[in-house]
Structure formats: structure tokens, C-alpha cells
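**Student:** Got a predicted model here, sequence first, then my questions.
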Amino acid sequence: MTTRALLQRRERLLGQRMPLFYSEPVHIVRGEGIWLYDASGKQYMDLYNHGNSTEVRRMSDARRDREGNPEIRAIPYPQLYRPLDPSVSEAELTELYLGRVREAIADFRRHDMPFAGMFVCSLLVNEGLPDIPGGFMPRAAEIVREAGGVFIADEVQAGFCRSGR
């Protein structure tokens, strides 16, 4: 498959908003365990799938089943495409999502649990790179810090500063 055909296929399947984080696309044709192989047979280690650790798996499971780990709270990811309330403005939507952050922090207090922080992918890569309501990330970080927590912007998949913002 030519580079052009590969890029066209990628755009068709993933959409135009999915950024390309490298100059030449890698055409992975097969995988075995942690190893991936391109069309020429070159071997790559799969470092993208960092969700194999026990703790990350425990956190991921907790998103689906809060009873699985009472130390974790999850909020709906902030997005404009399928918003919490489609009838509100973007600014009001930002406030709705920030309200969910505040509620999660308050829930720790209600259960007499110390609040450590918020762990988030800065671009919400796993969620499909949604359009995040304006101001959500910096204001969420501010709320977390005011509550004594640490705001952790996970850059493993997004890549540090790749968005240019």
C-alpha cells in the first residue's frame, strides 16, 4: 500500500481530526504479544498500549464499576458533540462539566476520603479527540488545585505539546 493510499484510508476510517504524530505513517500489518510488524517486517514494541499495568487496569475497571474501587471517581468526558445538555451555550456547558469535577471532589469529602487529584488525557485521545468545551482543562486544573489535589495531564498517547496549545 502506498503512503498516500495509507493516509487516505486512515483519514476515511479515523476522520480528519485525528492528528498524525509522525512524518511518515507506519503501516502495521500484524502483531504478536507486545510486538508489532510493519509491511517490510520491521519490528516495533507496542508502547501505546500502556494500560497493561495492574493499577491502570484497576482504574479502568473502576470507571465501569465504581464499587470495584471506591477510591476513584469518574466524570463524563467534556465534549461538544454529545454534550450533557445540548440546549446550553458552550460557556454553560463548560460550567456543567466543571460542576461534575466539583461533585466528584465533594464526594470524596462526604466519604471522609482524602482527595489526591485528577488524572486526565489532555486531548481525550481515547475518547476520539472530541471538541472540549472552551476553558474546561485550565479551570478543572484550578478547581483540583484549590481542593488540594494534583492535576495530572497524561501525555502518553497525546504526546507532550503535540497539539500546539
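**Tutor:** Okay, I see it.
**Student:** Every contact and neighbour count from this point should use C-alpha atoms.
**Tutor:** Will do.
**Student:** Quick check: which helices or strands does the lengthiest helix in the chain pack against?
**Tutor:** If you go by DSSP state H, the chain has its longest helix at helix 90-110. Other helices and strands packing on helix 90-110, by 3 or more C-alpha pairs under 8 Å, 6 or more residues apart in numbering; DSSP states H and E, are helix 136-146.
**Student:** Report the backbone C-alpha coordinates of the helix it packs on in PDB.
**Tutor:** Presented in PDB, the C-alpha positions along helix 136-146 are these (Å, rounded to 0.1, in the frame of the first residue of the first chain):
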ATOM      1  CA  PHE A 136     -12.500  23.300  30.700                       C
ATOM      2  CA  MET A 137      -9.000  22.000  31.200                       C
ATOM      3  CA  PRO A 138      -7.400  25.100  32.800                       C
ATOM      4  CA  ARG A 139     -10.400  25.600  35.000                       C
ATOM      5  CA  ALA A 140     -10.600  22.000  36.000                       C
ATOM      6  CA  ALA A 141      -6.900  22.200  37.000                       C
ATOM      7  CA  GLU A 142      -7.600  25.300  39.000                       C
ATOM      8  CA  ILE A 143     -10.500  23.600  40.900                       C
ATOM      9  CA  VAL A 144      -8.400  20.500  41.600                       C
ATOM     10  CA  ARG A 145      -5.500  22.600  42.900                       C
ATOM     11  CA  GLU A 146      -7.800  24.700  45.100                       C
END
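**Student:** Mind listing what's buried along that helix?
**Tutor:** 136, 137, 140, 141, 143, 144 (16 or more other C-alpha atoms under 10 Å).
**Student:** can you put the residues you listed in JSON lines and add distance to residue 83 and pLDDT?
**Tutor:** What follows is these, written out as JSON lines (distance: C-alpha to C-alpha, whole Å; pLDDT from 0 to 100):
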{"residue": "136", "distance to residue 83": "13", "pLDDT": "91"}
{"residue": "137", "distance to residue 83": "16", "pLDDT": "88"}
{"residue": "140", "distance to residue 83": "17", "pLDDT": "95"}
{"residue": "141", "distance to residue 83": "20", "pLDDT": "95"}
{"residue": "143", "distance to residue 83": "21", "pLDDT": "97"}
{"residue": "144", "distance to residue 83": "22", "pLDDT": "96"}
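**Student:** ok, and the closest non-adjacent residue to residue 44?
**Tutor:** residue 36 (5.0 Å; C-alpha to C-alpha, 6 or more residues apart in numbering).
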